[in-house]
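Novice: After the sequence you'll find the predicted model.
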Amino acid sequence: MNENFWLAALQIFTPGNLFFLVFGGIAGIVVGCLPGLTATMALALLVPFTFTMPAVTGLIMLGGLYVGAMFGDAIPATLINTPGTPSAIATTFDGYPLAKKGMAQQALITNAVSSLFGGIFGTIALLTLSPPLAEMGLKFGPPEYFWMAIFGLTIIGALASESILKGLTAGALGLLLSTVGISPIAGDVRFTFGAPSLQAGVDLTVALIGLFCIPQVLEMVEEGAKKYRVIQYQSQKGLFLQVVNYLIRKPFLMIRSALIGLIVGIMPGVGGNVAALLSYNEAVRWSKNKAEFGKGTIDGVETANCSVVQGSIIPMLTLGIPGSPAAAVILGALLLHGMRPGPELFTKYGGTTYTFILSFFVAVVVMFILTVLGSRFFAKMISVPLKHLLPLIAFLSIIGSYAIRNSLLDVAMMLLLGILAYFMQKLGLQSGPLVLGLIMGPFAEQGLVQSLLMGQAAGSVLKVMFGRPISLVLIGLSALSIAWPLISAWRKRTILSEAGSQGRLFEEASDAAVETLMVEGEKV
Amino acid sequence: MSNTNFLTGLLALAVSSLAFLESRSFTFFGRVFLDWTLIVLTILGLALLIKGLLLREQVKAAVVKEIGKVWLTVLGLFIYLTLIPIFGFIIASVSGFTLSGVLLSPGPMRKLFSTWWRSFEVGLLVTFIFYVLFKLALAVPLPGGILGIG
């Protein structure tokens, strides 16, 4: 931490930055309120509009949106039993039953308070963990950057998809897409098919919008309009303090959830939904009133989704590996503003980076106030008809991709990529690893080519590529990230088959014993 | 119902074969990263193909339920894209919003004047907000078309 820190703190409170933080936050809450829309999609839509802003303002707006979505997604989860984003899945388990009991306001306040706590906890972690982690980047040379890109791709490919093979295939397709245009060192013109506009490569913003927004529009068209019955509630005075008093007496619940969110957020490819489910599971496991869960208890509403945001930003800022697809979009915005993740972010661009990090403190407080005071207003957004919502997203995507270079060719490219991504998603190839491949591709290629040149100069390419300690660690981690899901699936199958065979032995002895074993098997 | 592993494997192999053929004219340093990517993609494609053949999984998720609506939306987006350079952002957006609002309404509602009017109102309002927000506040250039309105 240096003198940039204090200057950065002051930067947040300039009128422009504050305005865009609140604007992004409100947009995030609205997106969170609308089931089917995701924070990633909204971030991708906003990225092109940050071009005309200073980098710091754009990043603050995107950060505000990401936080806002994590606050807003609990509103539909509580009032219509449908999570606004996948991160709010666990909120439906007890939030909706509470709302049905006439305690919707308690559930929404609980979510806001726990998100505030999680957000502050996550921001402190982001602030303290990022600079030392980024310093590690000073030891990186071209081979390390190459292996880091490979590690990022393997871990996201392996964890972010239902199938490792498909996740890795999507990542490899992203790498292939990143080779379009003039090659970094040799200057070959690759895969442009005679189109001069492709010589600069596939524009990242165009790809982000196309890959994240258009498939969602088409998916919503396919699903059709859904009618939700929103549970209505009346605001009651004094409830806020009651809920806060209750939660203050549950420090372990709050800290545990925030910690789970942070750790899961740091792990690339593991989404907020996993954090929320893990946190819920732990809340049940440690509770004395397990039977209350699922029927409507305040302890069940407390989830980990907000600290996931800052958790996912940590590896993105320091190592260039986004912890979530939304963080990948923010990484794209960083790169578009000419900022490369790593130590440079905390030295050369220290002012911007610290302002961005510190803005999360302000964002969580502002979002907390907005959701506590405005939940009933935001709940009305749930009923926005699909026929107005879909054209809005589609047209925003078109304006966004046009705004980058005033080129309708970019818009056409965005649409083509989007349609392709929609059908690829039908095959199980997710956009997340594909986008990461596109982002990491240039780093990986530059790292590989420079390493080969270094190897030729040193007399041994193998020694340069495989003989450096950090490279070896990264190679090991890459191998582990591919092997781990396979090992864990194999272990799961073994345990289940063992439980099954033991179950059959027990069946002969006693029905009751079998029942116990199956329960244990389920726990495993 | 379709075997998504098999189809994904075929896709990966097709893409890598095409890229391989196209890349033969590149120099060594322009090709080396590409070659490694293609090797990985080919291995993954083959693995998916074999997995698809061995497991013969029929995954329901691969089915596009409303393919007609999806293609209609895609067509609508490309029509909007074609109209922008001619009529400019404002006229193309208002018409686009109105038409999509009507088309996305339930069948019997589409013939009602009120549906058209309501969609037009929303189109006008949204286009106005977009115009003020992007063109005036964020200085984002919007296409004016041959009429110069945008």
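Specialist: Right, received. Where do you want to start? Predicted model only: the values in this text are computed from it and were never measured. Residues are numbered from 1 along each chain as shown, chains lettered A, B, ... in the order given.
Novice: drop to CA atoms for contacts and neighbour counts, all remaining ones
Specialist: Noted.
Novice: Tell me where the longest helix sits in chain B.
Specialist: If you go by DSSP state H, chain B has its longest helix at helix B:67-103.
Novice: Averaged pLDDT, the next helix or strand after that one. What do you get?
Specialist: The helix or strand immediately downstream of helix B:67-103 is helix B:113-130, counting by DSSP states H and E. Helix B:113-130 comes out with an average pLDDT of 86.
Novice: Stretch B:10-20 now?
Specialist: Here the average pLDDT along stretch B:10-20 is 95.
Novice: contacting residues around it?
Specialist: A:T169, A:L173, B:D35, B:L38, B:L41, B:T42, B:L44, B:G45, B:L46, B:L49 (C-alpha atoms under 8 Å, 6 or more residues apart in numbering or on different chains).
Novice: can these go into TSV with extra columns for distance to A:V230 and pLDDT?
Specialist: Formatted as TSV, the contacts of stretch B:10-20 follow (distance: C-alpha to C-alpha, whole Å; pLDDT from 0 to 100):
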residue	distance to A:V230	pLDDT
A:T169	41	93
A:L173	42	95
B:D35	54	93
B:L38	51	95
B:L41	47	95
B:T42	50	96
B:L44	46	94
B:G45	46	95
B:L46	49	96
B:L49	46	92
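Novice: Adding secondary structure and distance to A:L211, write those residues out as a markdown table.
Specialist: Listed next are the contacts of stretch B:10-20 as a markdown table, based on DSSP: H, G, I helix; E, B strand; the rest coil; distance: C-alpha to C-alpha, whole Å:
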| residue | secondary structure | distance to A:L211 |
| --- | --- | --- |
| A:T169 | helix | 16 |
| A:L173 | helix | 13 |
| B:D35 | helix | 25 |
| B:L38 | helix | 22 |
| B:L41 | helix | 20 |
| B:T42 | helix | 23 |
| B:L44 | helix | 22 |
| B:G45 | helix | 21 |
| B:L46 | helix | 25 |
| B:L49 | helix | 25 |
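Novice: Relative to A:L392, which of these is nearest.
Specialist: A:L392 lies nearest to A:L173 out of those, by C-alpha to C-alpha, at 29.7 Å.
Novice: Show the contacting residues for the spatially closest residue to A:I109 that is not a sequence neighbour.
Specialist: Spatial nearest neighbour of A:I109, chain neighbours left out: A:V372 (6.1 Å); criterion: C-alpha to C-alpha, 6 or more residues apart in numbering or on different chains. Going by C-alpha under 8 Å, 6+ apart, A:V372 touches A:L108, A:I109, A:A112.
Novice: any idea how far chain B is from A:V372?
Specialist: As judged by C-alpha to the nearest C-alpha, to the nearest Å, A:V372 and chain B stand 27 Å apart.
Novice: Please identify which helix or strand holds that residue.
Specialist: helix A:350-379.
Novice: for the record, mean pLDDT for that helix?
Specialist: 91.
Novice: ok, now stretch A:196-207?
Specialist: On average, stretch A:196-207 scores 86.
Novice: re the thing from before, which is the next helix or strand following the helix holding A:V372?
Specialist: helix A:386-405.
Novice: who touches that following helix?
Specialist: Contacts of helix A:386-405 (C-alpha under 8 Å, 6+ apart): A:45-49, A:51, A:205-206, A:209-210, A:213-214, A:217, A:220-221, A:224-225, A:408, A:410-411, A:414, B:77, B:81, B:93, B:96-97, B:100-105, B:119, B:122, B:126, B:140-142.
Novice: Could you list the low-confidence segments of the chain?
Specialist: Reading this off chain A. Scanning chain A with the threshold set as pLDDT under 70 gives A:1-4, A:159-161, A:225, A:269-271, A:302-305, A:499-524.
Novice: wrong one, I was asking about chain B
Specialist: B:1-2, B:56-65, B:148-150.
Novice: centroid residue for it?
Specialist: Nearest to the geometric centre of chain B sits B:V74, at 6.4 Å (C-alpha atoms, centre = their mean).
Novice: who's in contact with it?
Specialist: A:I419 are the contacts of B:V74 under C-alpha under 8 Å, 6+ apart.
Novice: if we can go back for a sec, how far does the helix holding A:V372 sit from its chain's centre?
Specialist: Centroid displacement of helix A:350-379 relative to its chain, using C-alpha atoms, centre = their mean, to the nearest Å, is 17 Å.
Novice: Tell me which residues of that helix come out buried.
Specialist: Across helix A:350-379, burial judged by 16 or more other C-alpha atoms under 10 Å in any protein chain shown covers A:350-368, A:370-372, A:375-376, A:378-379.
Novice: and if you look at stretch A:7-25?
Specialist: A:8-9, A:11-12, A:17-25.
Novice: is that stretch anywhere near chain B?
Specialist: No. Legend: contact between stretch A:7-25 and chain B by C-alpha under 8 Å from any C-alpha of the partner chain is lacking; minimum distance shown is 11.1 Å.
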